[in-house]
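# sequence unknown, structure follows:
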């Protein structure tokens, strides 16, 4: 669900009320970093619109896929000693793209931080709470309520934000689909699979997402690295 940022108030399903002080991306970011922002739900500012999704995450076609991909990429990034892999709920903002959102995961290389393409933003009290700028890679896993957001709106805004590689995963059908999109001058272009493997220019490896059934008959996802 989306709404323009000029409304006097935002109330969703009688559960969440967004303050009227949200009038632009910066005021949204301040609210999102505050204790007033609910822990449940997905809240983003996408090109002048506040997007809210209060639906529960699917355990297998979303959460388990995300857990597998994140775990594999964490190990890979650590072995390469190239940067930071941030898991779910890490906020990404880009000022000129008018974007503030929480990808399913994102990768920021040490090089991007050193070159100031991406900055780690400190919280008001302690630690770091946000990435600002252009990460090297973001992942979104499509759910029934996020199809247009992931495939159209975020595809446009991540490109505008200079994200080098956009991973899109759809595990709603029997065979999961992993699409790696490479940033070109005007739009993202799909990286062509090779013998069932999809190369990633950012990580310098190729990947294959497959599914089997666990002992209880539920899908069990594996991200292979080649």
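All right, it came through fine. Computed from a predicted structure; not experimentally measured.

# For the residue nearest to residue 28 when sequence neighbours are not counted, name its beta-bridge partners.
In space, and not counting its chain neighbours, residue 28 is closest to residue 45: 4.3 Å by C-beta to C-beta, 6 or more residues apart in numbering. Every C-beta, even on glycine, is put in place using the N, C-alpha and C of the backbone. For residue 45, the beta-bridge assignment (DSSP bridges) gives partners residue 50, residue 100.

# Ok, residue 190 next?
Residue 190 has the following beta-bridge partners by DSSP bridges: residue 181.

# Can you check what pLDDT the model gives residue 11?
With respect to pLDDT, residue 11 has a value of 48.

# Same question for residue 17.
For residue 17, pLDDT reads 65.

# And the one 10 residues further on, by the same measure?
As summarised for this prediction, residue 27 has a pLDDT of 91.

# before we move on, what about residue 3?
46.

# how would you label residue 162: helix, strand or coil?
Secondary structure state of residue 162, per DSSP: H, G, I helix; E, B strand; the rest coil, is coil.

# How about it: what's its closest non-neighbour residue?
The spatial neighbour of residue 162 that comes closest, neighbours along the chain excluded (C-beta to C-beta, 6+ apart), is residue 134 at 3.5 Å.

# Quick one: residues contacting that neighbour.
Residues in contact with residue 134 (C-beta atoms under 8 Å, 6 or more residues apart in numbering) are 94, 112, 117-118, 161-164.

# got any ranges where this structure has weak pLDDT?
Counting by pLDDT under 70, the chain has low-confidence residues at 1-17.

# Check it for its longest strand and report it.
strand 205-213 (DSSP state E).

# Now do the next helix-or-strand element following that strand against strand 205-213, angle only.
Proceeding N to C from strand 205-213, the next assigned helix or strand is strand 219-225, under DSSP states H and E. With axes from the mean of the first three to the mean of the last three C-alpha atoms, to 10 degrees as the criterion, the two stretches strand 219-225 and strand 205-213 enclose an angle of 160 degrees.
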